[in-house]
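*Asks:* give me the fold of what follows.
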Amino acid sequence: MFKEFKTFITRGNVMDMAVGIIIGAAFTAIVTSLVDDLVNPLIGLFVGGVDFSEVSFGLGEAQFMIGNFINAIIKFLIVAWVVFLLVRTVNRISSLNKKEEAPAAEAPKGPTTEELLIEIRDSLKAR
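*Replies:* Numbering: from 1, shown residues only. Okay, here's the model as predicted:
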């Protein structure tokens, strides 16, 4: 298992993954600000000034913060939409690159295994 872990760590993909995680964390801060500072006030204009972060209800001692959950859903949808757009763009660029590449000329085919064996048999018979 250690050898497998070492192989995993030494691949180039691990560095790409680390960069992605770091950028993702920074992007989360941007999305949080977008939702809390821009989207929620905009939605609040249409629904009568409701601040989702304040929406809650209680049962006994328990307080259920539904507004925070709604904010989390909005943030998730924004992140999912951005990731979708990024993946879609990358896939389109990849497909354009594949179309632009000219098909490589086929390498000349060599003799098959059977043809080689027949040639060897015939040369042995000739001796």
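
*Asks:* number of residues surrounding residue 55?
*Replies:* Residue 55 has 15 neighbouring residues, counting by other Cβ atoms under 10 Å. Any C-beta I mention is one placed from the backbone N, CA and C, and that applies to glycine too.

*Asks:* hang on, it packs against residue 64?
*Replies:* No. When contacts are counted by Cβ atoms under 8 Å, residue 55 is not listed as touching residue 64 (9.5 Å).

*Asks:* would you mind measuring from residue 52 to residue 69?
*Replies:* For residue 52, the distance to residue 69 equals 9 Å [Cβ to Cβ, to the nearest Å].

*Asks:* more crowded one of the two?
*Replies:* Taking neighbours as other Cβ under 10 Å, residue 52 and residue 69 compare with residue 52 leading, 22 against 13.

*Asks:* could you find the closest non-adjacent residue to that one?
*Replies:* Among residues not flanking residue 52 along the chain, residue 67 sits closest, at 4.0 Å (Cβ to Cβ, 6 or more residues apart in numbering).

*Asks:* I'd like the average pLDDT over stretch 34-51.
*Replies:* Averaging pLDDT along stretch 34-51 gives 75.
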